[in-house]
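*Asks:* need a 3D model of the following:
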Amino acid sequence: HSVGEGVMAMVERICVNEEGVQYYYQYPSTCDACPNCLDVCEVSSCESCASKRKWRNEIKQIAPIYTQCEIRRNNHSKSAWILCDNKIYDVTNFLKLHPGNKTPLLRKSGGSDCRREMSFHSKKAQKMMERYYLGKVVICPKEDAGGESGSCHPPERGKNCQHGRKESFYRNMY
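*Replies:* Numbering: from 1, shown residues only. Predicted coordinates for the structure are as follows:
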């Protein structure tokens, strides 16, 4: 989200962009989740995301995979995920321990690939990162379909989505 989006009535978190500039971000009051994958919003009353949360939890137990849509939300000190070679690492608990302080990790959190930066680290540091492994990145169905509008998220078990895909299509995808 860019800094100027919406009206900010109350600061909920401080984020750091790729240039290292801190900005304030307020949780959205309307759903901003991608309708095409298992991304869920932070609005507790969102019914659409409530149904996706059940699916999401089920699928994550089978295969720990995430789309860029899901990863983008984890770009702050309370949840910092970094991407390195198509793998996702939750470095939230490592922020305070990182010898170069938390800023470089926060700059890369939320989806920017840190492969280049990791190449400067020792083999020991690279191996240590494995303990923070969360899962792999998969393509959001919207991106896979060439960004067609109206792509949809997984339907209820045993039903088809608006494009005629069975729920097993999504299960197999993940």
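*Asks:* helix or strand right after the longest helix that the chain contains?
*Replies:* Scanning the chain for the longest helix, with DSSP state H as the assignment, gives helix 47-62. Counting by DSSP states H and E, the next helix or strand C-terminal to helix 47-62 is strand 65-66.
*Asks:* for that following strand, which outside residues touch it?
*Replies:* Residues outside strand 65-66 that contact it (C-beta atoms under 8 Å, 6 or more residues apart in numbering): Ile59, Trp81, Ile88, Leu134, Gly135, Lys136, Val137, Val138, Tyr174. Yep, even glycine has a C-beta here, placed from its N, CA and C like the rest.
*Asks:* pLDDT of it, averaged?
*Replies:* Strand 65-66 shows a mean pLDDT of 90 in the predicted model.
*Asks:* so what strands line up beside it?
*Replies:* Strand pairing for strand 65-66, using DSSP bridges, gives strand 133-137 (parallel).
*Asks:* which among the contacts of strand 65-66 end up buried?
*Replies:* The neighbour count (16 or more other C-beta atoms under 10 Å) marks Ile59, Trp81, Ile88, Leu134, Gly135, Val137, Val138, Tyr174 as buried among the contacts of strand 65-66.
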